[in-house]
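Enquirer: Got a predicted structure here, sequence first:
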Amino acid sequence: MKLSIRHRTEYRYSERVRHSTQYLRLTPRPSRRQRILDWHLDLPEHATRAADGFDNILHVLTLDHPHQSIELTARGQVEIVDEDREDDDARLSPLVFARTSALTATDEALADLARDYEGAGSLDSLERLSQRILDDMPFAAGVTDVASDAAAAYRGGQGVCQDHTHVFLACCRALGIPARYVSGYLYSDDSEHVASHAWAEVWRDDRWHTFDVTNQTRRPRHHLKLAVGLDYLDACPVRGVRYGGGVESLNAVAHVRLTGAEQ
Amino acid sequence: MLSRTAADLYWLSRYFERAENTARMLDVAWNLSLIPFAVDAREEITAPLVITGSLASYQASHDDIRVDEVMHFFTLDDGNPGSIFHCLRAARESAHAVRGKITAEMWESVNSTWLELREIRELGLEGYGASEFFDWVKNRSHLFRGATYGTSMRNDAFRFLRLGTFIERADNTARILDVKHQIGRAAGDGAVDFYRWHALLRSVGAYEAYREIYSEPINAERVSELLILRPEVPRSLRSCMQMLCELLPAIEGHAGQQSKRLAAVQFARLQYGDLDHIVDTGLHEYLTDFLRRVNELADTIREEYLEVV
Amino acid sequence: MGPLSLPDVSGYDEMILPGGKVRDAYKGYHRWLLGQAHDGLLRKRKEAELQFHRVGITFNVYGEESGTERLIPFDALPRVIPAADWRRLEQGAIQRVRALNLFLHDIYHDQTIVRAGLVPAEQIFGNAQYQPCMQDLDLPNRVYSHISGVDVIRDGAGTWYVLEDNLRTPSGVSYMIENRRMMMRLFPELFAHQSVAPVEHYPSLLLETLQESGAVPNPTVVLLTPGRFNSAYFEHAFLAQQMGIELVEGADLFVKDGFVFMRTTAGPQRVDVIYRRIDDDYLDPLAFRPDSMLGVPGLLSVYREGNVILANAVGTGVGDDKSIYPYVPDMIRFYLDEEPILANVPTWQCRDPKALDHVLAHLPELVVKEVHGAGGYGMLVGPAASHAEIEAFRERLRARPANYIAQPTLSLSTCPIFVDEGIAPRHIDLRPFVLSGKDTRLVPGGLTRVAMSAGSLVVNSSQGGGTKDTWVLEDGSC
């Protein structure tokens, strides 16, 4: 399946920003299941390209002069090979992903939730956990924000893909199972659907398995991976620090279309 | 030099200079307020509030303008960001941040000033004595300046210290000189006027200079000329601008083009200025314009040299 | 007040032998002491305090109003280490730090020690101090911990033990230097008659170490401090000044086009080596804790490209974590094929159920420490704790056993100090500072910390501990 992506992010500030630095994870890494046919970033200035500790492709963008807006566009074409098997990157021990993080720390409620699935540890029981999470906290935009942690989101009883994923990761880790956060894009024939997406991968039987809690799928055939990490902060498409600027307003639009023969 | 270090040095000397000038200004007000037959004490004691632009913030926390309260407000009041206490604490904090860049003797003069000030504060201004306190502040400032002059390397650290001194001094001299306008009404008889100008000269330590240069009785025009245009007087606006003009180009590197230009333009205006022009413009208008220019220069120095993110 | 008499001691005292005689290394000092009067020494103590205040050698205390400055109590009676003892300590500390650097390189590369089954994988990869961003990163000289503090003590029998390793941002070296300066100022005659090995060259050795860690010739080195409200700010300013390098805060630095720059009055200037006194978590708000403004946004990306050197490296905490400490003797054997020169204190890892049972049964005798704690916070000293404190701790221990280790209560050696009443013994430890660049070395000395109240075993300056000058006597001197 060939997908065409256009993702535009614009930050506007009420006051002058004196200096800003951004980590951009807006470029997908080629792997067995995703071929990058072409990819471009349109940025206000040259950004240095590097790899981060999770092997994500990272661009570092520094604007060292006064500015009042930042516009970032990622666009390109990729082919998702119809196979859900992910590359097993052996470079980093999966045990790293069994560790908790600030956004995936468990409170009592999450520990209780995880305990219901203790002992089983099989992919099927994790699938039931995933189902339970979506039942307990149905998809709703605007209830949580990007800084919400798993415990707060679960307590709130609603959330978006980021929250579903965090709650799922928190439970896996409470059970001692390595699990990681994935950020990326999702194709949906429903054009209203949010195209920026997050889901989880679980390390079982020496390989990573996809769990998309929000969409209740384990076959990521419509998913384009941008980055992985312990949680949102490691993998999010844009993470920045600015000095000055006052109030920020964000406008982000991502379009994912089918291209080629399948259109 | 790090911009932040330069900023700390600059503010160290600015705050010390401000403390000294505040003491000088208060000394005058205090002395005038003690001469009941000549002037209205309340008016004299209002002058520092007006000069420093802190009348509103004073009135926000005080019902009445009373000599002892105004004195406390400007000396040991922790709540007034313009108080000597506040200035010397800020100076000490800046010095602390750049301890590695100033000599041990400079640091010790700042630090021991702060330690002594804390003891004085325990006694209160009345306990210590107002005149004694103003002399003490001036002496501490002389000591710091002496330690700076006598031990500091002639490098950028020294230059930023000096920049702070002269920016602050230019601002303060102009404000003090504008006092007559600020008090608000034409002064009464000649005697009151005489006292005021006399006290003003003393406050900036220029009484002897006046006597040396002019043979005529103390009057507004000559005092203005002395404190604006005379190159021999170290607190005159011209002297301050001349120092700034010498210091800025001596700083290493090629930054600061706009600062250098603004300083040079303002210096030229004073160097080739004359009293008639000032009188024609009106002293208050002239000084208001000068203060605007000095503040613009200070802002530009901050942007071009001192700002971190 | 008259001349001073030596107190009776129990346990191992650095100066005084049971029966009242003094050890050989203290003979010269003791001869001098016999000629001193108590009030004279008290005057010297006052002079020292005054001087420390004047120079501003102060210490900011956690939990108090920000900017509170306090002096660390200074004791004017030196701690003397004989040359032979020092040589052993020196070799032991070097051996240990070499092994720890090899360990850090190994776990961030091939993990042979894990494969060999010596350290369990989850102890490393599950440890929050293991930084994934360091995996497969190559560092110059393979050095991770450029500056290491190895805390050693003597027990009641006089045997040296390593209490813990400090591989993150060990502090206290400025007191080592300032204490020596103070002693030379107060008692110049003491140094005329004995050859005390100098420590004043530490800053130049440190600068050399930092320079040779750089990837470019003549690197620009800076010291990155969290700022003037940090407890060790004085030390940061002191070391920067002594080395003649810039003392910078996060806001002075920025990242652009793959390099780190500092903002100067003459425009941006490239920085090659950062001696950072900021913890990993705060180094780069884009990579670690997002809420911290102490660090430099983007710093990690430059570091990973090799365009800036950090000393110490990111992720050294996995080497000095108390859960890793028990494995250090094995590391020495594994990497160096040598027997450890300095012993570890026997340690129970409470994560192990058997060890936990033992610890729970012997709490009143043991010292229990939090695995990730530092500075003497969150620990239980069994013999000094009340019944209630022990029971409260028991609950915490049961709730999270993996969070704790336990050790026997060692009766730390004592060393006499000056008190108002005369001379009295107090417990001490020692932190020598090991520098690792192209080779591994240390200056002869260290920071001797003193528990200032009688019987106390807590030497941490954050909890009222003091310091004293540490003399390593050169051969033939006594």
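Expert: Sure thing, it's come through. What you see is a predicted model; the values in this text were computed from it and never measured. Residues are numbered from 1 along each chain as shown, chains lettered A, B, ... in the order given.
Enquirer: Tell me which residue of chain C lies closest to chain B.
Expert: residue C:266 (2.5 Å; C-beta to the nearest C-beta). No exception for glycine: its C-beta is placed from N, CA and C like everyone else's.
Enquirer: Skip the chain neighbours and tell me the closest residue to the closest residue to chain B within the stretch 101-250 of chain A.
Expert: Using C-beta to the nearest C-beta, residue A:243 is the residue of the stretch 101-250 of chain A that sits closest to chain B, at 4.2 Å. Nearest residue to residue A:243 in three dimensions, chain neighbours excluded: residue B:309, at 4.2 Å (C-beta to C-beta, 6 or more residues apart in numbering or on different chains).
Enquirer: Let's verify the residue of the stretch 101-250 of chain A closest to chain B: helix, strand, or coil?
Expert: strand (DSSP: H, G, I helix; E, B strand; the rest coil).
Enquirer: by contact count, what packs against the longest strand seen in chain A?
Expert: For chain A, the strand that runs over the most residues, judged by DSSP state E, is strand A:2-27. Here strand A:2-27 touches strand A:34-42, strand A:57-63, strand A:67-80, strand A:179-186, strand A:223-229, strand A:238-244, strand A:248-259, strand C:253-256, going by 3 or more C-beta pairs under 8 Å, 6 or more residues apart in numbering or on different chains; DSSP states H and E.
Enquirer: Pick out the shakiest of the ones you listed, pLDDT-wise.
Expert: Ranked by mean pLDDT, the helices and strands packed on strand A:2-27 bottom out at strand A:248-259, with a mean of 91.
Enquirer: per-residue confidence for residue B:212?
Expert: Residue B:212 carries a pLDDT value of 94.
Enquirer: hang on, residue A:230 packs against residue A:178?
Expert: No. The criterion here is C-beta atoms under 8 Å, and residue A:230 misses it with residue A:178 at 10.3 Å.
Enquirer: overlap in contacts of these two?
Expert: A:96, A:97 (C-beta atoms under 8 Å, 6 or more residues apart in numbering or on different chains).
Enquirer: Give me the neighbour count for residue C:213.
Expert: 25 (other C-beta atoms under 10 Å in any protein chain shown).
Enquirer: So what's the residue count around the residue lying closest to it once chain neighbours are set aside?
Expert: With sequence-adjacent residues excluded and distances taken as C-beta to C-beta, 6+ apart, residue C:213 is closest to residue C:309, at 5.2 Å. Applying other C-beta under 10 Å, we find 25 other residues in the vicinity of residue C:309.
Enquirer: contacting residues around residue C:429?
Expert: So residue C:429 contacts C:151, C:152, C:153, C:163, C:412, C:448, C:449, C:459 (C-beta under 8 Å, 6+ apart).
Enquirer: ok, and the closest non-adjacent residue to it?
Expert: residue C:153 (4.7 Å).
Enquirer: Report the contact partners of that neighbour.
Expert: C:160, C:161, C:163, C:410, C:412, C:413, C:428, C:429, C:430 are the contacts of residue C:153 under C-beta under 8 Å, 6+ apart.
Enquirer: Next: residue C:471.
Expert: For residue C:471, the contact set (C-beta under 8 Å, 6+ apart) comprises C:78, C:79, C:80, C:81, C:194, C:196, C:197, C:445.
Enquirer: swap the cut-off to 10 Å and go again
Expert: C:25-26, C:29, C:78-82, C:86, C:180, C:183, C:190-191, C:194-197, C:199, C:444-445, C:448, C:477 (C-beta atoms under 10 Å, 6 or more residues apart in numbering or on different chains).
Enquirer: same question, residue B:97
Expert: Residue B:97 touches B:4-5, B:7-9, B:11-12, C:227-228, C:233, C:237, C:247, C:249, counting by C-beta under 10 Å, 6+ apart.
Enquirer: Within its local environment, how many residues does the residue of the stretch 101-250 of chain A closest to chain B see?
Expert: Neighbour count of residue A:243, defined by other C-beta under 10 Å: 16.
Enquirer: Touching, residue C:422 and residue C:7? I think so.
Expert: Yes. Shown here, residue C:422 and residue C:7 form a contact pair, counting by C-beta atoms under 10 Å, at 7.4 Å.
Enquirer: residues bridging contact with the two, i.e. touching both?
Expert: Contacts common to residue C:422 and residue C:7, judged by C-beta under 10 Å, 6+ apart, are residue C:416.
Enquirer: Among the contacts of residue C:429, which one lies nearest to residue B:85?
Expert: residue C:449 (37.1 Å; C-beta to C-beta).
Enquirer: which residues does the residue nearest to residue A:97 when sequence neighbours are not counted contact?
Expert: Nearest residue to residue A:97, sequence neighbours excluded (C-beta to C-beta, 6+ apart): residue A:178, at 3.9 Å. For residue A:178, the contacting residues are A:93-99, A:169, A:172, A:201-204, A:208, C:125-126, by C-beta under 10 Å, 6+ apart.
Enquirer: before we move on, what about residue B:80?
Expert: Applying C-beta under 10 Å, 6+ apart, the residues near residue B:80 are B:52, B:54, B:57, B:58, B:61, B:72, B:73, B:74, B:86, B:87.
Enquirer: Number of residues surrounding residue A:204?
Expert: That count, for residue A:204 with other C-beta under 10 Å as the rule, works out to 17.
Enquirer: Would you list the phi and psi of it?
Expert: The phi/psi pair for residue A:204 (degrees, to the nearest 10) reads phi -140, psi 140.
Enquirer: Against residue A:166, how distant is it?
Expert: 19 Å (C-beta to C-beta, to the nearest Å).
Enquirer: Which secondary structure state does the closest residue to chain A within chain B sit in?
Expert: When scored by C-beta to the nearest C-beta, chain B has residue B:309 as its residue closest to chain A, at 4.2 Å. Secondary structure, three-state DSSP: residue B:309 is coil.
Enquirer: thought residue C:327 was touching residue C:127?
Expert: No. If you go by C-beta under 10 Å, residue C:327 and residue C:127 don't touch, sitting 12.0 Å apart.
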